[in-house]
Structure formats: C-alpha cells, structure tokens
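1. please work out how this folds:
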Amino acid sequence: METRRIAAAAVSVATLLFFFAPSAAFAGSQTIDFGANLPAGPVPAGYSGFDWGTGANQAVNSGPDAAIYYLTSPAASIVEFGHAGLFDLSGVDYQVLVSGETGLGSFDNYTTVVSGYRGTTLVKSVTENYPGFGGDHFSGLNIDGVDKVAFSTTDTFGFLDTLGHMVVSGTGAAATFVDQLTVSSVTYAPEIDPVSALSALTLLLGSLAVLRGRRVG
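-> Next comes the predicted model:
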C-alpha cells in the first residue's frame, strides 16, 4: 500500500513539473491576403482566424477596385488585429495612396511603427521606413508570442528643390494600407504564477518525503 502511495506521489510531482515546464507548439506559417481577395468594406471578424478591430479601429478592405480608396494596389486599411491565442508576425506588405505617391517633384516618405502586445504589455516594436511609390514588403519582423498587433503610420512629405534635394513641408498621420500579412500561430502551455507553483511543488515533495519515511519505519 505504501509503495503505491509513493509511486502515486512521484507521478504527481512529475506531472506538475511537466505542467510548469515551458512548451510551445508552432503551427505552420500562413499568408493573409486582402484587397482583391475580399469584398470592399469592413474586414469580417474571424477572417483567417483573427479579429480585425471594431469602430474606428475596424480594418476596411478596398475590394478588387483599388481606385475606390485611391490606392496603388488593392489593400486593406488596418489599425490593429488580434487573436485569442498567441501568434507571431513575420511579414507585412504595404501599399500607399495614389495621392501620396512620390514623383513630379514631390515626395511622400512613410514610417510605420508595428507594435506587438501580449495583453497590455508591449512585447516588441519595429519601425519601417519606405517611400511612397508603391508596395513595400518587409519580412523578418520577428514579433513573436503576441495576441495583438497595432500599426501607426506617419507621412513625411515635401518637394525637391532646383538641386534635387528634398525639402520637407510637414508630417502627418496616415492610414496603414496592407495587402498581405505573414503570421504563424503559437499555443503555449497554461501558465501559473511562480509562488503558487513553488507552494504546490513543496507540498507534493513534502508528502513524498513523509510517505518514504513511513515506508522506512
């Protein structure tokens, strides 16, 4: 009987250690397309398994006709997107407004800050700079283990002087137009706070020691 109790306690300790050990299962990478792949209007919640914001933060897709939104190519205006579980963001392909294209003596240089959050905690921010002459693809962002990503874009605009130098006229907030995202889903083992984990482990180890003492006695 005591041998069985000792074995049961040992199994419980092993189970607990396995539960607390960090582990992750990675799903395959997926590419999420917007623009011509969706009808015009708000991106539906749950598209490709993600939430796409609500109200003023709702992602809006151009549909197949980019001219509706004066875009260089079909795309969606995205403020933020998230998922019930954790995921990685590894790539973004941007588009710009036709009115913000660089050329004919003027320029528009865009800067987008991509911020990944786990709950309310900022995990990582990446800043990307690209001129306004069409799509710009960025890969290797490595914003990992987040449940929400937010975009904030600024347009620095101006003109070229007689020597061809850029003269900045001003800056302003701009929409972030995206035609493609590359993500992969990540599922982590359930977490418990360290204090509770230590207490539970100490209790189980103590029980095991008592049972061993009884068996020896």
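2. what pairs with the helix or strand hosting Val167, parallel or antiparallel?
-> Assigned by DSSP states H and E, Val167 belongs to strand 166-174. Strand 166-174 has its sheet partners listed here by DSSP bridges as strand 136-160 (antiparallel).
3. which of the residues in the strand holding Val167 are buried?
-> Buried residues in strand 166-174, defined by neighbour count with 16 or more other Cβ atoms under 10 Å: Ala174. For the C-beta atoms, the positions are set from N, CA and C on the backbone; glycine is no exception.
4. try stretch 36-56
-> Judged by neighbour count (16+ other Cβ under 10 Å), stretch 36-56 contains these buried residues: Ala36, Leu38, Pro42, Val43, Tyr47, Ser48, Phe50, Asp51, Trp52, Gly53.
5. out of those, which one sits closest to Thr176?
-> Gly53 (11.7 Å; Cβ to Cβ).
6. could you dump the buried residues of stretch 36-56 to a markdown table with pLDDT, secondary structure and distance to Thr176?
-> Listed next are the buried residues of stretch 36-56 as a markdown table, based on pLDDT from 0 to 100; DSSP: H, G, I helix; E, B strand; the rest coil; distance: Cβ to Cβ, whole Å:
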| residue | pLDDT | secondary structure | distance to Thr176 |
| --- | --- | --- | --- |
| Ala36 | 92 | helix | 18 |
| Leu38 | 94 | coil | 16 |
| Pro42 | 96 | strand | 16 |
| Val43 | 97 | coil | 13 |
| Tyr47 | 97 | helix | 17 |
| Ser48 | 95 | helix | 18 |
| Phe50 | 96 | coil | 16 |
| Asp51 | 97 | strand | 17 |
| Trp52 | 98 | coil | 13 |
| Gly53 | 97 | coil | 12 |
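7. those: which two are farthest apart?
-> Spanning the widest gap among the buried residues of stretch 36-56 are Ala36 and Asp51, at 22.2 Å by Cβ to Cβ.
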